[in-house]
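**Student:** Build the 3D model from these lines:
(one chain, ligands or ions: 1)
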Amino acid sequence: MRAHEAGALHADISNQGPAWLRTPADVNALVPALWPRSVTRGADGAVAVAGLSVRDIAAEFGTPVYVLDEADLRSRCRDFRAAFPTEDVFYAGKAFLCRAVVRMIAEEGLHLDVCTGGELATALSAGMPPERIGFHGNNKSVAELGRALDAGVGRIIVDSFTEIDRLTALARERGVRPRVLVRVTVGVEAHTHEFIATAHEDQKFGFSLAGGAAANAAFKILDEGVLELRGLHSHIGSQIFDASGFEVSARRVLALQAQIRDARGVELPELDLGGGFGIAYTTQDDPATPQDLAKRLRKIVDSECAAENLAVPHLSIEPGRAIVGPAVFTLYEVGTVKDLDGLRTYVSVDGGMSDNIRTALYDASYSATLASRASTAQPLLARVVGKHCESGDIVVKDEFLPADVQPGDLVAVPGTGAYCRSMASNYNHVPRPPVVAVRDGQARLIVRRETEEDLLALDVG
Ligand SMILES: Cc1ncc(COP(=O)(O)O)c(C=O)c1O
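**Tutor:** Prediction:
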């Protein structure tokens, strides 16, 4: 990237696009890996989900709108359940949580991870059995821990010595024995296609393995005997495609398991390897199937347990993005199309960084298609941007759209189920979009659109 006095974003001016992005033979084609499973292009050229045209969805619910293919989400839950039949699959609710989704994942046999009181309240209010809830977080308050105990959550993943003390006091007061896992920082950082195994563990989550804190946390819990230590937990990153990061983390965490056995004579019965399994946002991504993942994770755990002479613990995983990410697309209406004299074409839509912060926050790549019609125009490399007062308000950095894309067209961005609505903001006082679930040709609102009245209701000054 060229240096530029106005900063990195301004330096990235080129109309070439990234090397992996190819001019499509058919600009109307939908790449199946990127879209919810029921998405097709109808005879009229408009994109349809579960048989319902996006034109009808936009007419009924407005834009922007997050569109959830319910059968797709359920089928991804089932794929994980089938691949991990004897393990526990915890859906990581931080990816996207609302009551309808809690019910869907509960009906499909998944467990649920929450990491705040708000997520816990949502899970409980939707009837998630508390024993199937895991509670995460590096700074759970005393009130949140108390609520978790009162609700009877199945396990709490402890993250600091302060938390162990707080939870121990709360458990003593209540006369209960909560089940806990110790979150271990294993010194593996995995993101997208790479992983780095580092000796130092400079991050806020968990207990350091290398520094001995993880072992000390386990010893403290075992020695005090108030909390029931079920096992160890490690989560190494996000959007991971390379299983070797899990291999290194499993080896390290199981070595700690052996150390605990040798020191205290206790073999912990559970092991959680976290989430972070990658999905396809663009054609450059090639995610593993749940079956592949299961095979690889089991092989890693089996061989590491054999090496340490440990019984294989009961395994759990925590996919968030891989369950909900591909099940959703965001539907926007185009407001303006600006051609910078051949330098770049900006297609502005009626949302942006308030409904999808990932591009600005993580430099994430997305795809897009003209959704309300098919076009016979040539493919044109475009940048899809939002309506916010930030030049970094980019939804899709580079994508081929038909050259006749125009105001009033609908554009759909796939892969927006995870960390988009859940990270949405009201920047520029833009109300957050609704979430609509579509199943068998029927659309149902599951999260309504925020209104200006909602925003003003908080403004009590
Ligand atoms: C502890 C833990 N588990 C699971 C997840 C889910 O990750 P993903 O949605 O990438 O699968 C996260 C994400 O940050 C996490 O912190």
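**Student:** and the stretch 351-461 of the chain, which residues reach the ligand?
**Tutor:** Contact residues (CB under 6 Å from any ligand atom) of the stretch 351-461 of the chain with the ligand: residue 418. (C-beta placed from N, C-alpha, C; glycine too.)
**Student:** mind listing what the closest residue to the ligand within the stretch 351-461 of the chain touches?
**Tutor:** For the stretch 351-461 of the chain, the residue closest to the ligand is residue 418, as judged by CB to the nearest ligand atom, at 5.5 Å. Applying CB atoms under 8 Å, 6 or more residues apart in numbering, we find residue 418 in contact with 95-96, 279, 320-321, 324-325, 328.
**Student:** Which member of those is positioned nearest residue 20?
**Tutor:** For the contacts of residue 418, the minimum distance to residue 20 (CB to CB) is 16.2 Å, reached by residue 279.
**Student:** count of neighbours near the residue nearest to that closest one when sequence neighbours are not counted?
**Tutor:** Excluding the flanking residues, the one nearest residue 279 by CB to CB, 6 or more residues apart in numbering is residue 325, at 4.5 Å. Counted with other CB atoms under 10 Å, the neighbours of residue 325 add up to 27.
**Student:** check contacts around residue 325.
**Tutor:** By CB under 8 Å, 6+ apart, residue 325 lies in contact with 95, 279, 415-418.
**Student:** Tell me the one of the residues you listed nearest residue 88?
**Tutor:** Nearest to residue 88, judged by CB to CB, of these is residue 95 at 17.2 Å.
**Student:** Can you redo the contacts of residue 325 as a markdown table, where the extra columns are secondary structure and pLDDT?
**Tutor:** A markdown table is the format used below for those (DSSP: H, G, I helix; E, B strand; the rest coil; pLDDT from 0 to 100):
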| residue | secondary structure | pLDDT |
| --- | --- | --- |
| 95 | coil | 98 |
| 279 | coil | 97 |
| 415 | coil | 98 |
| 416 | coil | 98 |
| 417 | coil | 98 |
| 418 | coil | 98 |
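**Student:** Show the buried residues in these.
**Tutor:** The neighbour count (16 or more other CB atoms under 10 Å) marks 95, 279, 415-418 as buried among the contacts of residue 325.
**Student:** JSON lines for those, including distance to residue 345?
**Tutor:** Formatted as JSON lines, these follow (distance: CB to CB, whole Å):
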{"residue": "95", "distance to residue 345": "32"}
{"residue": "279", "distance to residue 345": "27"}
{"residue": "415", "distance to residue 345": "22"}
{"residue": "416", "distance to residue 345": "22"}
{"residue": "417", "distance to residue 345": "27"}
{"residue": "418", "distance to residue 345": "28"}
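**Student:** where in the stretch 51-200 of the chain is pLDDT low?
**Tutor:** Counting by pLDDT under 70, the stretch 51-200 of the chain has low-confidence residues at 199.
**Student:** Break down it into its helices, ranges please.
**Tutor:** 54-61, 70-83, 99-107, 117-125, 142-151, 161-174 (DSSP state H, counting those that start in this stretch).
**Student:** Now do the buried residues in the shortest one.
**Tutor:** Residues of helix 54-61 classed as buried under the neighbour-count rule (16+ other CB under 10 Å) are 54-55, 57-58, 61.
**Student:** just to revisit the earlier point, which member of the buried ones among the contacts of residue 325 is positioned nearest residue 72?
**Tutor:** Among these, and counting by CB to CB, the member closest to residue 72 is residue 417, at 9.1 Å.
**Student:** How many residues are close by the residue nearest to the closest one when sequence neighbours are not counted?
**Tutor:** Distance criterion CB to CB, 6+ apart; nearest residue to residue 417, sequence neighbours excluded, is residue 328 at 3.2 Å. Neighbourhood size, residue 328 [other CB under 10 Å]: 26.
**Student:** tell me the contacts of residue 328?
**Tutor:** By CB under 8 Å, 6+ apart, the residues touching residue 328 are 36, 66-69, 96, 414-418, 420, 435.
**Student:** Quick check: beta-bridge partners of it?
**Tutor:** residue 68 (DSSP bridges).
**Student:** so residue 197 makes contact with residue 188?
**Tutor:** Yes: between residue 197 and residue 188 there is a contact under CB atoms under 8 Å: 5.2 Å.
**Student:** Between these two, tell me which one has more neighbours.
**Tutor:** Just comparing residue 197 and residue 188: by other CB under 10 Å the higher neighbour count belongs to residue 188, 25 against 17.
**Student:** Just list the residues touching that one, thanks.
**Tutor:** Taking CB under 8 Å, 6+ apart as the contact definition, residue 188 lies against 195-198, 234, 236-237, 245, 248-249, 252.
**Student:** which bits of the chain sit near the ligand?
**Tutor:** 92, 94-95, 113, 136, 235, 238, 274-277, 318-322, 418.
**Student:** Please check those and keep the buried ones.
**Tutor:** Among the residues of the chain next to the ligand, the ones that count as buried by 16+ other CB under 10 Å are 92, 94-95, 113, 136, 235, 238, 274-277, 318-322, 418.
**Student:** residues touching the residue nearest to residue 394 when sequence neighbours are not counted, list them.
**Tutor:** Leaving aside its sequence neighbours, residue 394 sits nearest to residue 359 (CB to CB, 6+ apart; 4.9 Å). The contact partners of residue 359, taken as CB under 8 Å, 6+ apart, are 353, 365-366, 394-397.
**Student:** Could you identify which of these has the most neighbours?
**Tutor:** residue 395 (30 neighbours).
**Student:** And that one, which helix or strand is it part of?
**Tutor:** Using DSSP states H and E, the element containing residue 395 is strand 394-402.
**Student:** Between helix 54-61 and the next helix or strand along the chain from that strand, find me the angle.
**Tutor:** Counting by DSSP H and E, the next helix or strand C-terminal to strand 394-402 is strand 410-414. Angle, strand 410-414 to helix 54-61, by axes from the mean of the first three to the mean of the last three CA atoms, to 10 degrees: 100 degrees.
**Student:** mind listing what strand 410-414 pairs with, with the direction of each?
**Tutor:** strand 328-339 (antiparallel), strand 369-370 (antiparallel).
**Student:** what comes into contact with the shortest one?
**Tutor:** So the one you mean is strand 369-370. Here strand 369-370 has contacts from 27-28, 30, 47, 401-402, 405, 409-412, 414, using CB under 8 Å, 6+ apart.
**Student:** surely residue 455 meets residue 431?
**Tutor:** Yes: the pair residue 455 and residue 431 qualifies as a contact (CB under 8 Å) at a distance of 6.4 Å.
**Student:** need the contact list for residue 114.
**Tutor:** Residue 114 touches 93-94, 97, 120, 122-123, 133-136, counting by CB under 8 Å, 6+ apart.
**Student:** Residue 88 contacts residue 314, doesn't it?
**Tutor:** Yes: with contact defined as CB under 8 Å, residue 88 counts as touching residue 314 (7.4 Å).
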